[in-house]
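Novice: Provided below for reference: sequence and predicted model.
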Amino acid sequence: MYIKKNLKKITVTSDISIRESLDNLNSGGIQALLVINKDSTFAGIITDGDIRRHLLKDGNLETSIGAIIKKDSTIAMTEDENELNDIFKRNKINHIPVLNKKNQIISLAMRADLNNKSYENINSSIVVMAGGKGSRLAPLTNIIPKPLIPIGYSTIVEKIFDSFVNQGFNNFKLIINYKKELIRSYFNELEHSYKLEFLEESKFLGTIGGIKEFSKKLTDNFVVTNCDVVTDINYHKFFKHHIKKEAYLSILGLKKSTKVPYGVLKLDEESDVTGIQEKPKQTHTIMTGIYIINKKALDFIPDGVEFGMDELIEKLIFNNKVVTSFVIEDGWYDMGQFSEYKKLLMHIDS
């Protein structure tokens with residue numbers, strides 16, 4: 001069982017202001033801060049959601065953290081795995097501070113961390129495709145590269161990183177091209193708890209073509225995600241499905257219903273009307289832009305030419321290789337469209 005011992009970046013004193021705490025919150029990578037009193041005893045825990053709710057109520061950034069922390073935080077007095085699991089099962093929480101008899105924090109257990117020892121794919125490469133121009137969000141992306149578009153107190157790509165870090169993943173590859181120096185500069189100035197390597201495309205090679213030139217840097221099974229989608233799925237279940245199916249490529253699918261805004265005619269072969277259906281709802285399983293790929297699939301990508309993910313999928317199917325889907329029904333947000341971007345902001349603020 002993994003217990004987080006290095007707590008320096010995520011620990012603050014109760015007298016500092018919310019403004020001062022934001023740097024710790026952004027660099028900590030767990031979306032929460034541990035708060036201590038001046039005598040180093042435990043005062044409480046605060047999440048990024050607590051801060052957002054405070055600010056939405058016209059809260060002041062100069063308010064002290066101590067004024068808004070959760071006074072009744074759930075704690076543990078032991079690092080015993082069974083006891084911590086029981087606490088997580090009884091409470092809808094992601095973090096449990098572990099205290100000693102002097103009421104001082106000695107470690108932090110996180111819900112995702114408890115079972116890390118059973119997750120064989122915890123060290124898998126997480127490849128984020130951040131080289132595109134983000135034309136759907138122009139003119140905003142004429143100035144800011146899509147990965148750095150703000151979401152709450154951080155950026156879209158950091159939200160993606162956080163969704164993996166909170167489940168124990170730590171090995172990120174960021175493929176860059178458009179406005180690459182801005183992206184590099186941003187992360188070079190940012191303190192973070194995960195491993196991050198920039199992979200620079202020699203030229204734009206489509207949605208998947210650029211992956212092949214970096215194959216030696218990737219694990220046998222790796223995640224590929226667009227840099228404009230955020231999801232709260234359990235990635236370990238996704239990996240389990242991929243491995244069980246012995247798939248070359250697994251697609252995260254989403255059941256999505258669309259309502260036709262008009263009455264629909266039912267016609268026979270002679271174009272005679274046999275019935276009508278008023279504003280029917282159609283349900284499809286769509287591609288979310290998140291995949292798990294086995295390195296063997298890279299052999300089907302041609303060298304040095306533009307190649308799309310759709311082409312790879314069709315080529316694998318044509319060659320009778322297993323392509324499967326792990327289907328979810330909600331918890332996915334496409335920031336590449338302004339309407340979905342607004343929904344994501346609302347989700348984060350809730």
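Specialist: That came through, no problem. Owing to the predicted nature of the structure, the values given are computational and were not obtained by experimental measurement.
Novice: Could you give the backbone dihedrals for I175?
Specialist: phi -80, psi 120 (degrees, to the nearest 10).
Novice: next one: D310
Specialist: phi -60, psi -40.
Novice: Please apply the same query to I251.
Specialist: As for I251, its main-chain torsions (degrees, to the nearest 10) stand at phi -110, psi 130.
Novice: mind listing what the nearest residue to it once chain neighbours are set aside touches?
Specialist: Leaving out its chain neighbours, the residue that sits closest to I251 by CB to CB, 6 or more residues apart in numbering is S325, at 4.7 Å. In this view, the C-beta of every residue, glycine as well, is placed from N, C-alpha and C. Neighbour list for S325: S250, I251, L252, G253, T285 [criterion: CB atoms under 8 Å, 6 or more residues apart in numbering].
Novice: Put together CSV for those residues, with distance to K38 and secondary structure on each row.
Specialist: Shown next, in CSV, are those (distance: CB to CB, whole Å; DSSP: H, G, I helix; E, B strand; the rest coil):
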residue, distance to K38, secondary structure
S250, 51, strand
I251, 52, strand
L252, 47, strand
G253, 52, strand
T285, 55, strand
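Novice: Pull out the buried residues from those.
Specialist: When neighbours are counted using 16 or more other CB atoms under 10 Å, the contacts of S325 contain these buried positions: S250, I251, L252, G253.
Novice: Could you export those as TSV, including distance to V35 and pLDDT?
Specialist: Formatted as TSV, those follow (distance: CB to CB, whole Å; pLDDT from 0 to 100):
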residue	distance to V35	pLDDT
S250	41	98
I251	42	97
L252	36	97
G253	41	95
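Novice: nearest to L174, of these?
Specialist: L174 has its nearest neighbour among the buried ones among the contacts of S325 in L252, at 19.4 Å by CB to CB.
Novice: State the distance from that closest one to I292.
Specialist: Going from L252 to I292 by CB to CB, to the nearest Å gives 8 Å.
Novice: so what sits against both of these two?
Specialist: With contacts defined as CB under 8 Å, 6+ apart, the residues shared by L252 and I292 are F238.
Novice: Domain boundaries for the protein, per the record?
Specialist: Taking automatic domain parsing as the reference, the chain has its domains at 8-117, 121-349.
Novice: Reformat the buried ones among the contacts of S325 as CSV; add distance to I156.
Specialist: Listed next are those as CSV, based on distance: CB to CB, whole Å:
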residue, distance to I156
S250, 23
I251, 21
L252, 17
G253, 21
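Novice: which one of the residues you listed sits closest to I126?
Specialist: L252 (13.2 Å).
Novice: residue contacts, that closest one?
Specialist: Residues in contact with L252 (CB under 8 Å, 6+ apart) are T231, I233, F238, M287, T288, G289, I290, Y291, S325, F326, I328, W332.
Novice: Any quick PyMOL command for the buried ones out of these?
Specialist: This is how PyMOL selects the buried members of the contacts of L252, with burial counted by 16+ other CB under 10 Å:
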select buried, resi 231+233+238+288+289+290+291+325+326+328+332
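Novice: Right, I'll leave it there.
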